[in-house]
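Engineer: need coordinates for the below:
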Amino acid sequence: MNDPVLALIIGVALLMSFGALFWPRVGFLAQIKKFKENTYRILLEDTLKHLYHSEIRKQACTLQSIAGTISVSGDKATNLIEKLESLHLVKTTPTGFRLTAEGRSEALRIIRSHRLWERHLADETGVSAKEWHAEAEIWEHKLTAAEANVLAAQMGNPAYDPHGDPIPSSSGEIPPTKGNALIDLSEGQLGRIVHIEDEPETIYAQLVAEGLYPGMHVQMLAAEKDRIRFVADGEEKILAPVFAANVTIVPLVEEQPMEGTFTTLASLQEGDEGEVIGISKAIREQQRRRLMDLGVVPGTTISMEMRSAGGDPIAYQIKGAIIALRKEQANRIFIKKSGAN
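Structural biologist: The predicted structure is shown next:
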């Protein structure tokens with residue numbers, strides 16, 4: 001190989017390397033810059049959300065609370081507030097920081113995107129309830145206002161997310177909230193869950209693991225100092241007061257839970273059969289439609305055929321066909337066993 005050819009190869013390689021590094025918008029450095037800008041924008045938006053939630057809860061918003069909530073240093077929190085003030089989204093008060101009208105509007109836009117996406121995940125996908133919040137934390141920063149409006153229209157403009165939190169309208173109006181903490185129910189009193197707080201994440205995960213969801217009927221057994229005992233959809237539950245405080249209910253006066261002796265499909269043993277009397281509201285739109293298409297509707301008789309080697313899924317016979325259901329799904333289908341009164 002002669003020197004001119006070698007020089008040409010080296011020159012092309014250097015040119016390609018230079019382009020990959022410095023090319024506008026798509027080069028490596030441009031991508032790093034874009035990543036940093038996006039990261040900074042997300043921190044600004046998370047700060048606005050924290051300010052909004054602090055105001056709603058009537059709590060002071062300080063540099064320390066910002067740093068702790070969005071996991072940044074005190075210096076970074078100061079930088080974020082200074083930037084938001086320069087954008088006229090935040091103002092300083094003697095007791096901390098508050099949103100301006102423009103800042104509140106922007107915070108509501110982000111919260112609207114978050115709650116709409118959670119509702120989308122709950123109703124239109126098979127994503128687990130434990131993953132809704134984390135997924136929405138990502139997508140709230142990606143959806144534009146126009147995209148959020150399209151998503152809302154596709155779902156019929158829902159007023160509440162799957163946790164029971166109100167979804168701000170495109171104009172910033174917020175549906176009313178209602179209810180009291182679960183621990184406020186009197187002994188023997190009936191209630192319906194209308195909201196389950198999804199923060200902090202550790203408490204929310206435990207509430208989901210207990211099978212609690214908005215729309216569930218509960219009856220208080222005893223509210224003791226160190227534990228709250230209640231019945232939820234026919235099953236006794238026990239929560240520590242700090243967990244129960246994150247569950248909001250409305251008392252039931254005229255509305256009553258399902259009458260008679262009932263259990264869940266998962267309780268059937270091989271050869272047993274039962275009549276479907278209802279499907280838990282925890283089964284969202286897509287899964288509910290699938291079950292109904294399979295014939296799981298009130299009045300239908302279902303028999304248990306066999307369990308898999310690991311016990312999950314379980315095979316059931318319905319209308320002459322064999323279907324397999326996960327135990328989690330079967331636990332949310334209410335039946336009356338054949339022969340039960």
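
Engineer: roughly how far is stretch 132-144 from the heart of the chain?
Structural biologist: Here the centre of stretch 132-144 is set off from its chain's centre by 10 Å, with C-alpha atoms, centre = their mean, to the nearest Å.

Engineer: quick check: mean pLDDT across that stretch?
Structural biologist: Throughout stretch 132-144, pLDDT has a mean value of 93.

Engineer: so which residues of the stretch 151-300 of the chain form strands?
Structural biologist: Using DSSP state E, counting those that start in this stretch, the strands found in the stretch 151-300 of the chain span residues 180-181, 190-196, 217-223, 228-232, 235-239, 247-251, 263-264, 273-279.

Engineer: quick one: the second one to strand 228-232, angle?
Structural biologist: Between strand 190-196 and strand 228-232, the angle comes out at 100 degrees (axes from the mean of the first three to the mean of the last three C-alpha atoms, to 10 degrees).

Engineer: likewise for the last one?
Structural biologist: Here strand 273-279 runs at 110 degrees with respect to strand 228-232, directions being taken by the same axes, to 10 degrees.

Engineer: got TSV for the strands of the stretch 151-300 of the chain, with mean neighbour count too?
Structural biologist: To be clear about C-beta, it is placed using only N, CA and C from the backbone, and glycine gets the same treatment. TSV is the format used below for these (neighbours: other C-beta atoms under 10 Å):
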stretch	mean neighbour count
strand 180-181	14
strand 190-196	20
strand 217-223	18
strand 228-232	20
strand 235-239	15
strand 247-251	21
strand 263-264	18
strand 273-279	18
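
Engineer: got these as JSON lines, with mean pLDDT columns?
Structural biologist: Shown next, in JSON lines, are the strands of the stretch 151-300 of the chain (pLDDT from 0 to 100):
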{"stretch": "strand 180-181", "mean pLDDT": "90"}
{"stretch": "strand 190-196", "mean pLDDT": "90"}
{"stretch": "strand 217-223", "mean pLDDT": "88"}
{"stretch": "strand 228-232", "mean pLDDT": "90"}
{"stretch": "strand 235-239", "mean pLDDT": "89"}
{"stretch": "strand 247-251", "mean pLDDT": "91"}
{"stretch": "strand 263-264", "mean pLDDT": "80"}
{"stretch": "strand 273-279", "mean pLDDT": "82"}
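
Engineer: any idea how far apart the tips of stretch 288-298 sit?
Structural biologist: 13 Å (C-alpha to C-alpha, to the nearest Å).

Engineer: over to stretch 277-292?
Structural biologist: End to end - C-alpha to C-alpha - stretch 277-292 spans 13 Å.

Engineer: which other residues reach that stretch?
Structural biologist: The contact list for stretch 277-292, computed with C-beta atoms under 8 Å, 6 or more residues apart in numbering, reads 122-126, 129, 162, 211, 213-216, 233, 258, 260, 262, 296, 298, 329, 332-336.

Engineer: ok so, going back, out of the strands of the stretch 151-300 of the chain, which is closest to A148?
Structural biologist: strand 190-196 (21.5 Å; C-beta to C-beta).

Engineer: ok now the closest one, how far from the chain's centre?
Structural biologist: Using C-alpha atoms, centre = their mean, the offset of strand 190-196 from its chain centre is 16 Å.

Engineer: please apply the same query to stretch 127-138.
Structural biologist: 5 Å.

Engineer: what's that stretch in contact with?
Structural biologist: Contacts of stretch 127-138 (C-beta under 8 Å, 6+ apart): 113-115, 117-118, 121-122, 162-163, 198-199, 201, 204-205, 208-209, 213, 282.

Engineer: in the chain, where is pLDDT below threshold?
Structural biologist: 1-2, 5, 7-8, 11-37, 253-262, 285, 339-341 (pLDDT under 70).

Engineer: show me what contacts the residue nearest to L239 when sequence neighbours are not counted?
Structural biologist: What sits nearest to L239 in space, not counting adjacent residues and going by C-beta to C-beta, 6 or more residues apart in numbering, is I228, at 4.9 Å. For I228, the contact set (C-beta under 8 Å, 6+ apart) comprises 182-183, 220, 222, 238-241, 244.

Engineer: give me the number of residues near P176?
Structural biologist: 6 (other C-beta atoms under 10 Å).

Engineer: so how far is G188 from it?
Structural biologist: Distance of P176 to G188, given as C-beta to C-beta, to the nearest Å: 28 Å.

Engineer: now do M304
Structural biologist: Using C-beta to C-beta, M304 is found at 34 Å from G188.

Engineer: related to what we said a few turns ago, quick one, which of the contacts of stretch 277-292 are buried?
Structural biologist: Using 16 or more other C-beta atoms under 10 Å as the burial test, the contacts of stretch 277-292 include 122-123, 129, 162, 211, 213-214, 216, 233, 262, 296, 329, 332-336 as buried.

Engineer: which ones among those are found in helices?
Structural biologist: 122-123, 129, 329 (DSSP state H).

Engineer: possible to save those as CSV with distance to E137?
Structural biologist: As requested, these are exported to CSV (distance: C-beta to C-beta, whole Å):
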residue, distance to E137
A122, 15
D123, 19
A129, 15
Q329, 27
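
Engineer: may I ask which two of the residues you listed are separated the most?
Structural biologist: D123 and Q329 (16.0 Å).
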